[in-house]
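Peer 1: got a structure for you, letters missing:
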């Protein structure tokens, strides 16, 4: 079992829809959770990080963590064609262990 | 300010050759990371430097892979006797003191193709 599982998609939704992207993880030692966005032939770009259960909001993006079920989600409201990219979830362990473990990424297309 | 830069952007080599990939981190970032991303996969950790020393090299797949950061800034990832399975995008990231794993800034990557 991979440490971070993510549905690779692809996922296509119409412009303006709410997008839900999800990951599960297997190791309860994981403390930090991140969402990265990666455009084609570019490096990953950090969108959000969180280290506690609950919701964290930043503009049109909301990250949700449920540590009891080891489930993390990213919601995108009012989706735009410019949101078309691959979204990667990642976890970092306790501070001091600096490597990130990524999911496979979900390829998202927003249809105008 | 400038982000993380990586050179070359593309590298094509033949099986068995030696390659060097360079990473210039964001100025002032003491932590530097190398990841490898195969097609359709997420980045996979290779090695992490804090300053000049490798704090964690547990992700290096074998002894053909080696990385250095002699002055605590620029890093070079070196691959000896390349194999076709080494073909991937090699990503470098850096972070500032105190941020650690939470805010790693990635470069655009070097796309390595081994023929």
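Peer 2: Nice, I can see it. Computed from a predicted model, the values in this text were never measured in an experiment.

Peer 1: got the buried residues for stretch A:14-22?
Peer 2: Within stretch A:14-22, the residues scored as buried using 16 or more other C-beta atoms under 10 Å in any protein chain shown are A:19, A:21-22. For the C-beta atoms, the positions are set from N, CA and C on the backbone; glycine is no exception.

Peer 1: Can you tell me what sits against stretch B:7-20?
Peer 2: B:21-22, B:24, B:76-84, B:108-115 (C-beta atoms under 8 Å, 6 or more residues apart in numbering or on different chains).

Peer 1: Same check on stretch A:4-15?
Peer 2: Residues from elsewhere that reach stretch A:4-15 (C-beta under 8 Å, 6+ apart): A:19, A:21-26, A:79-81, A:88-91, A:101-112, B:40, B:42.

Peer 1: Of these, grab the buried ones for PyMOL.
Peer 2: The PyMOL selection below is limited to those of those classed as buried (16+ other C-beta under 10 Å):
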select buried, (chain A and resi 19+21+22+23+24+25+79+88+89+90+91+101+102+103+104+105+106+107+108+110) or (chain B and resi 42)
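
Peer 1: Filter the contacts of stretch A:4-15 down to the ones in helices?
Peer 2: Within the contacts of stretch A:4-15, no residue falls in helices by DSSP state H.

Peer 1: Please flag which of the contacts of stretch A:4-15 sit within strands.
Peer 2: Mapping those onto strands (DSSP state E) picks out A:19, A:21-25, A:88-91, A:101-102, A:106-111.

Peer 1: Quick one: residues contacting the spatially closest residue to residue B:86 that is not a sequence neighbour.
Peer 2: Distances taken as C-beta to C-beta, 6 or more residues apart in numbering or on different chains put residue B:114 closest to residue B:86, at 5.2 Å, once the chain neighbours are dropped. Residue B:114 is in contact with B:13-15, B:17, B:82-87, counting by C-beta under 8 Å, 6+ apart.

Peer 1: For chain A, which residues are neighbours of chain B?
Peer 2: By C-beta under 8 Å from any C-beta of the partner chain, the residues of chain A that approach chain B are A:4, A:6, A:8, A:32, A:34, A:36, A:41-46, A:49, A:51, A:88, A:90, A:92-93, A:95-105.

Peer 1: Quick one: buried ones out of those?
Peer 2: For the residues of chain A next to chain B, buried by 16+ other C-beta under 10 Å: A:4, A:6, A:32, A:34, A:36, A:43-44, A:46, A:49, A:88, A:90, A:92-93, A:97-105.

Peer 1: quick one, phi psi at residue B:49?
Peer 2: phi -110, psi 140 (degrees, to the nearest 10).

Peer 1: Who is residue A:102 paired with across the strands?
Peer 2: Beta-bridge pairing for residue A:102 (DSSP bridges): residue A:90.
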